[in-house]
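**Student:** kindly return the folded structure for what I paste below:
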Amino acid sequence: MSYLRTLLGAPKEKLVHDPGEKGPEGEGEAAMTMLCLTYFATVGILIYEKFLKKKGESNEMVDVKTFAADAAAKAVVDGKTDANEGLTEDEIRDKISQEMWTQPAQDGTTPEFRAKFIKAASFGAITVDSTGPVRDALYFLSGVNYLKIFLIIFVFFNIWVFLLVLSIMGTSFKLLGGKDSAKMFDVVDNPISGVMIGILATVLVQSSSTTTSIIISLVGANELSVRNAVFMIMGANIGTSVTNTIVAMGHFANKDDLRRGFAAATVHDVFNLLCVAVFLPLNWIYPFFEKMTYEMAKKQTACEEGCVKREFLKPYISPYSKGVANYDKKVSGYISKGYCGGECGKSYTSTQMKALQKHICTNDGNDCSKIHKNFEGSWVAEGYLYKKRAPAYITTDAEGSATAGFSYTWPSGFASDYEAKDYFDVNGTATTGTLEPNTMYEVCGSKVKTGLCNKRLLKGGIALTDWKMTDDGAGALLAILALAGLCSCLFCIVYSLQIVIKGAAARVLQRVVGFNGYFNILVGMGITIMVQSSSITTATLTPIAAVGLIGLEDMLPLTLGANIGTTLTGIMGATVVASNPVEAWQVALCHLFFNIFGILLWYPIPKMRRVPLNAARFLGRMTTHPKFGKVFPLIYTFVVFFIIPGICYGIAVAATQ
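**Tutor:** Model (predicted):
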C-alpha cells in the first residue's frame, strides 16, 4: 500500500496555511468577529420576523385533515386515485412540506420596478422604452434577484462559520473533558467496556476522528491491543452521532421540523447501534475483524521520516479555531499512555532493557508488575520493558536488591549532593551481578520528563494570551459560545434556504438526492472525505431534512456514506505511524470494514432497511408527544450517550480496582 501512503501523505504536497505577515489582529479575532456576525444576523432576522414583517402565512403545523379532505375531493372530481390514501398524518405533513419547497418562488420584479431601476441607474437619461445596448444591460440588471445573490453568499458564509463553530466546540469539550477521556482508556479489558468507553470518549471530545487517532496511536505504542481497539472503534462510531442529535434540538420552535430533524439525526444513531448489536457478539465469539485485517496488513512497514497526513479543509479551518483556543493533544496522549509518572527521553536497546529488568523486576526479571504504582501490562512489550518506561534512578536495599527502588524522581533518603553511580557505562553496558547495597544508580537520570499529565491543555489562542483563562473556564465559555453559534448558523442557513432554494432549485436538489440511494452513499462519502468529519456532514444535512427538503429515505444513505468517509482519517493516521504499522493498519481497516459490513447488512434488502428507518421515525414521533415531547430529545441524548455508558464505565473502573 505504499502508493496509498504516497497519495495520502506525500510531504511535498502538504497543505500549509500561510497567514501572511503577523499583524495586530490574527485568526482568533477574525473567528470571533465571524461568530459575532452570525449572532447579530440572527437577532436582526428575529426582530424583522417579529416586528417588521407583514403578517402572512402562519408557521404553525399544517391542518392535515383539511388538506386530506380537499385532496380526496379533488381526486373524485378529476376521476383519479387519491395519492394520500393510506398515508399517516406525519407522512402527509412531510409531503406538504416538500410540495411547499417545490412551488415556484415569486421574484417580485414588476414592470414599475424595472422602469424605476433603469431611470435611477441612468440618472434619468434612459427609460424602459429606450433602445440600445445600455438600456438592454440595465433592463437585465433590473431583473436580477439581488436578495437571492446576497443570501447565497450568506449561506456559504454561515456554512463556513458552522464548520468553524464545530471545530471550536470540539476544542471546548476537549478542554473540559480531555484529561478525563484519556484516563478512560486505562480500563479497557473487555468488549463491553471498550464500546462504552469509545462512546464516552467520543462524546467528551465531540469527534470520532480524535478518538480513532488516539486509539491508533495507543495501538502503535503497544498500549492497547487490536482486539480491544476494535470494540472501542465500535463505540466511537456511536458516539460521533451525538453532534447531529444536538443539532436537531435547534428546531424546537416547530413540531414538524423537530420531528423530521430528530428522525434524520437518530437514523445515524440507530444504524450504528444496530451494527454494534450484531457485530459485537460475533467478534467477541470469534475475532474475525482482527483476523481478516491482519491478513490484509501483515506486510505493512513503518513510515519513514518525513511522512505527513493529507488533509483537506482542516488546514484552512484549524488556524482560526486554534486562534481562539489551541488544545495540546500531547497531554491527553501522555495520560492515555500512562506517562503521568514520567517518560524516559533516552533510547535503549532491548538487550539493555532486559539487563535492567533482571535487577528491578521480580521472578528473575519476568514479573515487573510491582515496579511502579502506575504499572500496566503494556509497559512490557515483546518480553522486555519498553525503553520509555526506564526509570530515572534505581535504589538498592541492604541486600543489594533494587526490586523496590524504581523511581522517576530523586529518591527520598538520599541527599541532594549524593553522587549516583551510572547503571550503564560509557559504552552502554549494564551493571552485572549483584548491585551494591544502599546505593542509588542513575539510569535515565535528568532525561526523564515528569509532570507531563499536569500540563495545561490550553496552550495558545486568544483565550490564553488575551483572555488569560483557565482550561475549564475557556472550555465552558467556548462551549456556550459554540452552542449559541451553532444554533445561530443553523437558523440563518435554514432561513436563507427557505428563500433561495425554492421552486426549480428545490426540485433539482430533490432529484439529485432522490436519484439513487447508492449514489447518495457516494455523495455522503465524498463530502465527509473533504471535511474529514462525519459529524460535520450529518450535522449539516440534519437541518435540511428537518425543513422537509430531503426525506428520511434519502438521509439514511447519505449518513451511511458519511460513516465510510470518516474512516479515511484513521487510514491516513495509519500511513504515518512509526512503530507497529501492522496493528495500526488493522485498527484503521477494522473501522472501514465495520461500516461496510453494516451497510451490506442493513441497506440493500428493503425489509432490513426499514428497521433503522422505522426506528428513527418512532424516535421522531416521540418528540410530538403532548406531555414530554419537548424534553424527549434531551432525555434520549443523556440516556444513550451519557447515563448508560457512564454506568458501564463506573462498573469497569470498580472491577479493575
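
**Student:** so in the chain, which helix runs the longest?
**Tutor:** helix 146-184 (DSSP state H).

**Student:** what's the spacing between it and its chain's center?
**Tutor:** 11 Å (C-alpha atoms, centre = their mean, to the nearest Å).

**Student:** what about the stretch 201-350 of the chain, any weak spots by pLDDT?
**Tutor:** Within the stretch 201-350 of the chain, the set of residues satisfying pLDDT under 70 comprises 205-207, 221-222, 302-313.

**Student:** can we see that at 90?
**Tutor:** The model of the stretch 201-350 of the chain has pLDDT under 90 over residues 201-229, 232, 236-237, 239-261, 287, 290, 294-322, 326-343, 345-350.

**Student:** hey, where'd the helices end up in it?
**Tutor:** Ranges of helices in the stretch 201-350 of the chain, per DSSP state H, counting those that start in this stretch, are 208-220, 226-239, 242-248, 255-285, 288-297, 314-324, 329-337, 350-360.

**Student:** among those, which is nearest Leu483?
**Tutor:** helix 242-248 (7.9 Å; C-beta to C-beta). For every residue, glycine as well, the C-beta is placed using N, CA and C.

**Student:** nearest to Gly561, of the helices of the stretch 201-350 of the chain?
**Tutor:** helix 255-285 (11.4 Å).

**Student:** could you give the angle of that closest one to helix 226-239?
**Tutor:** 170 degrees (axes from the mean of the first three to the mean of the last three C-alpha atoms, to 10 degrees).

**Student:** list the buried residues in helix 255-285.
**Tutor:** 255-276, 279-280, 283 (16 or more other C-beta atoms under 10 Å).

**Student:** what does stretch 377-391 give?
**Tutor:** Ser378, Trp379, Val380, Ala381, Tyr384, Leu385, Tyr386, Lys387, Lys388, Arg389, Ala390, Pro391.

**Student:** from Leu385, how far off is the first one?
**Tutor:** Remark: distance between Ser378 and Leu385 (C-beta to C-beta, to the nearest Å) = 11 Å.

**Student:** before we move on, the earlier item: would you list the buried residues of stretch 377-391 in a markdown table and tack on distance to Cys590, pLDDT and secondary structure?
**Tutor:** Formatted as a markdown table, the buried residues of stretch 377-391 follow (distance: C-beta to C-beta, whole Å; pLDDT from 0 to 100; DSSP: H, G, I helix; E, B strand; the rest coil):
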| residue | distance to Cys590 | pLDDT | secondary structure |
| --- | --- | --- | --- |
| Ser378 | 19 | 71 | helix |
| Trp379 | 25 | 79 | helix |
| Val380 | 25 | 78 | strand |
| Ala381 | 21 | 69 | strand |
| Tyr384 | 28 | 76 | strand |
| Leu385 | 29 | 81 | strand |
| Tyr386 | 24 | 81 | coil |
| Lys387 | 28 | 81 | helix |
| Lys388 | 26 | 85 | helix |
| Arg389 | 27 | 86 | helix |
| Ala390 | 32 | 88 | coil |
| Pro391 | 35 | 91 | coil |
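
**Student:** which one of those residues is nearest to Tyr348?
**Tutor:** When these are compared against Tyr348 (criterion: C-beta to C-beta), the nearest one is Lys387, at 4.5 Å.

**Student:** check contacts around the nearest residue to that closest one once chain neighbours are set aside.
**Tutor:** Sequence neighbours aside, Tyr348 is the residue nearest to Lys387 in space, at 4.5 Å (criterion: C-beta to C-beta, 6 or more residues apart in numbering). Tyr348 sits next to Leu356, Lys387, Ala390 when contact means C-beta atoms under 8 Å, 6 or more residues apart in numbering.

**Student:** hmm, the last one is touching Ala355, no?
**Tutor:** By that I understand Ala390. No - Ala390 lies out of contact with Ala355 (C-beta atoms under 8 Å); the separation is 11.3 Å.

**Student:** what's the pLDDT at Leu556?
**Tutor:** Looking at Leu556, its pLDDT is 92.

**Student:** number of residues surrounding it?
**Tutor:** The number of residues packed near Leu556 is 25, by other C-beta atoms under 10 Å.

**Student:** over to Ile521?
**Tutor:** Neighbours around Ile521, by other C-beta under 10 Å: 22.
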